[in-house]
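**Q** Need coordinates for the following:
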Amino acid sequence: MSEEQAKKFIEKLQSDLALKDRLSAFIREEGFACTLAEIRKVEWDLMMTHYIAGLPASEHWER
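**A** From the prediction side, this is the model:
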C-alpha cells in the first residue's frame, strides 16, 4: 500500500463509523481484546523506542 493510500485509509477510518465498527469487530473476532486507540498507542510506543535508540522511524515501519 502506498503512503497516500494509507493516509486515505486512516482518514476514512476516522470519519466512517461503520468501517471503524467493522474493524473493531474483526479485532474482537480474531480473539484480541484491544481497541483501535490501544493499537495506535502501542504502534506509537514502538516507533518512539526505535527513535530513542537512534534508528530512523522508517526502520520501524518496515519490520
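**Q** need the helices for the chain, in chain order.
**A** For the chain, the helices defined by DSSP state H occupy 3-15, 17-29, 36-52, 57-61.
**Q** okay, those helices in JSON lines with mean neighbour count and mean pLDDT next?
**A** The C-beta positions use only the backbone N, C-alpha and C, and glycine is treated the same way. As requested, the helices of the chain are exported to JSON lines (neighbours: other C-beta atoms under 10 Å; pLDDT from 0 to 100):
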{"stretch": "helix 3-15", "mean neighbour count": "10", "mean pLDDT": "89"}
{"stretch": "helix 17-29", "mean neighbour count": "11", "mean pLDDT": "93"}
{"stretch": "helix 36-52", "mean neighbour count": "12", "mean pLDDT": "84"}
{"stretch": "helix 57-61", "mean neighbour count": "12", "mean pLDDT": "56"}
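**Q** separation between E3 and F26?
**A** Using C-beta to C-beta, to the nearest Å, E3 is found at 23 Å from F26.
**Q** cool, and A6?
**A** When C-beta to C-beta is the yardstick, A6 and F26 sit 18 Å from each other.
**Q** and what of E43?
**A** For E43, the distance to F26 under the criterion C-beta to C-beta works out to 17 Å.
**Q** what residues go with each domain of this protein?
**A** Here the chain is described, according to automatic domain parsing, as comprising the domains 1-32, 33-63.
**Q** The first one: how far from the chain's middle?
**A** Read that as domain 1-32. What separates the centre of domain 1-32 from the centre of its chain is 9 Å, taken as C-alpha atoms, centre = their mean, to the nearest Å.
**Q** Stretch 28-40 too?
**A** Averaging C-alpha coordinates over stretch 28-40 and over its chain gives two centres that are 11 Å apart (C-alpha atoms, centre = their mean).
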